[in-house]
Structure formats: structure tokens, C-alpha cells
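[1] coords below, sequence missing:
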């Protein structure tokens with residue numbers, strides 16, 4: 001049985017996919033709603049598919065691309081997802097996200113995540129205040145220390161803002177495997193709600209220590225670079241999807257890559273970036289249906305060698 005909310009999400013996603021064209025053959029999986037996982041710190045649940053904004057959302061507010069980006073956001077929200085990850089260092093992306101959420105008029109359905117990447121308390125606070133203005137909100141759901149820059153100072157500041165109720169969760173991030181040891185050391189020394197890092201079929205270092213540590217210590221994980229900036233998808237551009245993909249309800253190569261990540265139970269959500277509404281809809285369906293077991297995960301790895 002589906003809840004009323006799930007049924008509404010199903011109808012919205014099916015309608016969106018139909019409007020966008022024959023994207024997938026198995027629209028019935030929209031009935032299941034996007035899988036949700038708990039944030040260990042509170043028990044609040046997040047849809048496992050989110051939206052990254054690096055590069056894709058760095059446009060001016062009067063750029064014609066804004067209409068297309070608004071449709072991406074609409075597809076995401078109507079499909080039952082909520083998490084948008086951005087940063088001051090992504091050019092104009094924060095302002096674009098703030099404007100899009102304002103235009104959509106559904107701030108209560110969006111989980112806004114941003115970052116701080118300054119050195120020193122005063123600069124950090126100034127950057128964070130600018131993020132509130134850019135995002136057009138009084139509360140930011142998650143602010144993360146970007147790439148472990150001045151981590152101790154910025155986490156101290158974020159804790160104050162969290163206590164004031166202006167920030168709901170705090171975390172740290174990085175995007176390369178060479179920083180995973182530093183991330184792990186930080187998690188052992190500092191109390192955070194979230195950690196964001198890279199993890200994919202071709203970048204599996206996080207399986208060694210980061211993911212197990214987060215699972216054991218109740219830290220939510222956000223996964224960036226699931227397609228390694230598109231490099232993985234370029235490997236299979238001219239290859240037909242294998243028949244066995246249907247065993248895990250995958251209808252595209254992108255879904256296989258995302259399902260590989262989501263099969264790791266310590267993963268809270270994955271945040272692929274896109275400026276294409278059809279790709280957003282496709283990504284959402286990766287958060288539905290069956291996930292691969294160990295054998296099937298290896299088949300996915302082999303397919304991308």
C-alpha cells in the first residue's frame with residue numbers, strides 16, 4: 001500500500017516523464033516513491049537522490065538557461081526529492097538556487113545545503129551571511145566546511161549558528177580520495193552531522209574506512225562525483241544497456257552507477273549535478289526499485305572497466 005503522499009509523488013513523476021518524452025520504459029517504478037534514509041543525528045529522513053549544482057548552475061539570473069534549471073528543480077520536487085547542494089565557490093550557483101527555489105514557491109519542500117570555505121571567523125561569518133542572502137532564506141538546512149578549509153574555526157562558528165536555529169545541521173566535505181584520511185581524522189576529532197565525499201564505481205576508497213566509520217558513529221553521508229564528472233558515462237556512451245540491468249530495475253547506465261552507490265547502506269544520499277530535466281527524472285528513478293547485491297555490484301564494476 002502506498003501513502004497518499006507517495007501516490008501523489010508517483011502521479012507527478014509519471015506526468016513529468018510523459019511530458020519530457022519517452023525517457024524510460026518502466027514508469028511503473030515511479031509508484032514506489034524515492035527511497036528515503038534517516039539522518040542519524042535526528043532521525044529525519046532524506047530522499048536518497050539529490051541535486052548537485054557545481055558548474056551546471058553557474059549562470060546569470062537573466063540567462064535563458066534559468067527556465068531549464070527551474071524545470072530541473074520542479075522535476076526533483078514533484079518526484080519526491082528535496083536535497084540541493086551548492087556552495088559560494090560555485091560561482092553564481094547559490095544565487096541561482098535561491099532564485100529558483102523562490103520562483104518555485106516551495107521552500108518547505110527543499111533541503112538546502114551549502115558550504116563555507118573561508119579562513120578565519122570574521123571571513124567565515126561574512127561568507128555564511130552572504131549565503132543566507134543569496135539563498136533567500138532565514139534557515140539553511142546544512143552548512144558544510146568546504147574541503148576542510150580552516151575546519152576547527154568554521155565548525156565552531158557553525159555550532160553557534162546551529163544553536164541559534166539558523167543552521168539545522170553541520171558537516172565537512174571533500175571531493176578527492178587523497179583527502180579521505182584527513183576527513184576520517186576530522187570525524188574522529190569533531191562532532192558533525194554530515195560528511196560529504198566522492199564515491200563511485202571507479203573511486204571506491206571510501207569503502208575502506210570512511211563509510212564503515214560513518215555507519216558505526218551515526219554520521220550522515222552525501223556522495224559527490226558519482227559519475228566522476230561524466231567520465232564513467234562516456235565509457236559506455238555507445239554500449240547497449242545489459243539485459244541484467246532489469247534485475248535491479250535499472251533502465252539507464254546512470255541508474256546503474258547510482259544504484260551501485262545506494263547499495264551501500266551507509267550512504268544517506270547521492271548528489272549528481274545536472275541542468276537537464278530529463279536527466280533529473282532519470283536520476284530519481286535510480287532511487288526506486290531493487291538495489292544490487294554483491295554479485296550485481298561486481299557486474300556493474302566490470303561493465304565500466
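    Cool, got the structure. All values reported here derive from a predicted model rather than from experimental measurement.

[2] quick one: contacts for residue 217?
    residue 187 (CB atoms under 8 Å, 6 or more residues apart in numbering). Backbone N, C-alpha and C define where each C-beta goes, glycine included.

[3] give me phi/psi at it?
    With angles defined as degrees, to the nearest 10, residue 217 sits at phi -110, psi 10.

[4] what does residue 168 give?
    Reported as degrees, to the nearest 10, the phi and psi values for residue 168 are phi -90, psi -40.

[5] excluding residues flanking it in the chain, which one is nearest it?
    Nearest residue to residue 168, sequence neighbours excluded (CB to CB, 6 or more residues apart in numbering): residue 141, at 4.9 Å.

[6] next one: residue 201
    Nearest non-adjacent residue to residue 201 (CB to CB, 6+ apart): residue 304, at 5.0 Å.

[7] any idea how far residue 233 is from that neighbour?
    Computed as CB to CB, to the nearest Å, the residue 304 to residue 233 distance reads 9 Å.

[8] look at these two and report which has more neighbours.
    Per other CB atoms under 10 Å, whichever of residue 304 and residue 233 has more neighbours is residue 304, with 19 against 15.

[9] wait, the more buried one sits on residue 235?
    Yes. Contact criterion CB atoms under 8 Å: residue 304 and residue 235 qualify, at 5.7 Å.

[10] picking that back up, could I get the contacting residues of the residue nearest to residue 168?
    Residue 141 is in contact with 111, 112, 113, 167, 168, 169, counting by CB under 8 Å, 6+ apart.

[11] farthest-separated two in these?
    Using CB to CB, the two most remote members of the contacts of residue 141 are 111 and 167, lying 12.5 Å apart.

[12] need the overlap of contacts for the two.
    By CB under 8 Å, 6+ apart, residue 111 and residue 167 have these common neighbours: 141, 142.

[13] more crowded one of those two?
    Shown here are residue 111 and residue 167; by other CB under 10 Å, residue 167 has more neighbours (23 against 20).

[14] how about that one, phi and psi?
    According to degrees, to the nearest 10, residue 167 has phi -120, psi 130.

[15] beta partners of it?
    According to DSSP bridges, the residues that bridge with residue 167 are residue 140.

[16] which parts of the stretch 201-305 of the chain are strands?
    For the stretch 201-305 of the chain, the strands defined by DSSP state E, counting those that start in this stretch occupy 220-224, 269-270.

[17] could you dump those to JSON lines with distance to residue 295?
    Output for those, formatted as JSON lines (distance: least, CB to CB, whole Å):
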{"stretch": "strand 220-224", "distance to residue 295": "22"}
{"stretch": "strand 269-270", "distance to residue 295": "21"}
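
[18] nearest to residue 160, out of these?
    Comparing the strands of the stretch 201-305 of the chain against residue 160 with CB to CB, the closest turns out to be strand 220-224 (20.8 Å).

[19] what lines up beside the closest one in the sheet?
    When DSSP bridges is applied, strand 220-224 pairs with strand 194-198 (parallel), strand 269-270 (parallel).

[20] let me see the residues that make contact with the first one.
    Just to be clear, that refers to strand 194-198. Strand 194-198 is contacted by residues 39, 85, 113, 142, 144, 169-177, 179-180, 183, 187, 206, 210, 214, 219-225, 228, 268, 271 when judged by CB under 8 Å, 6+ apart.

[21] the same query, at a cut-off of 6 Å, please.
    Residues outside strand 194-198 that contact it (CB atoms under 6 Å, 6 or more residues apart in numbering): 142, 144, 169, 171-175, 183, 206, 219-222, 224-225.

[22] repeat for the last one
    Outside of strand 269-270, the residues within contact range by CB under 6 Å, 6+ apart are 46, 48, 50, 83, 222, 223, 226, 258, 261.

[23] so for it, mean pLDDT?
    Strand 269-270 shows a mean pLDDT of 99.

[24] and residue 61, how many neighbours?
    Residue 61 has 11 nearby residues by other CB under 10 Å.

[25] distance of the spatially most central residue of the chain from residue 137?
    By CA atoms, centre = their mean, the chain has its centre lying nearest to residue 271, at 2.2 Å. The span separating residue 271 from residue 137 equals 19 Å under the rule CB to CB.

[26] flag the shaky bits of the chain, pLDDT-wise.
    Along the chain, the parts satisfying pLDDT under 70 run over 1-32.

[27] relative to the centre of the chain, find the outermost residue for me.
    For the chain, the residue at maximal distance from the C-alpha centroid (CA atoms, centre = their mean) is residue 122, at 28.9 Å.
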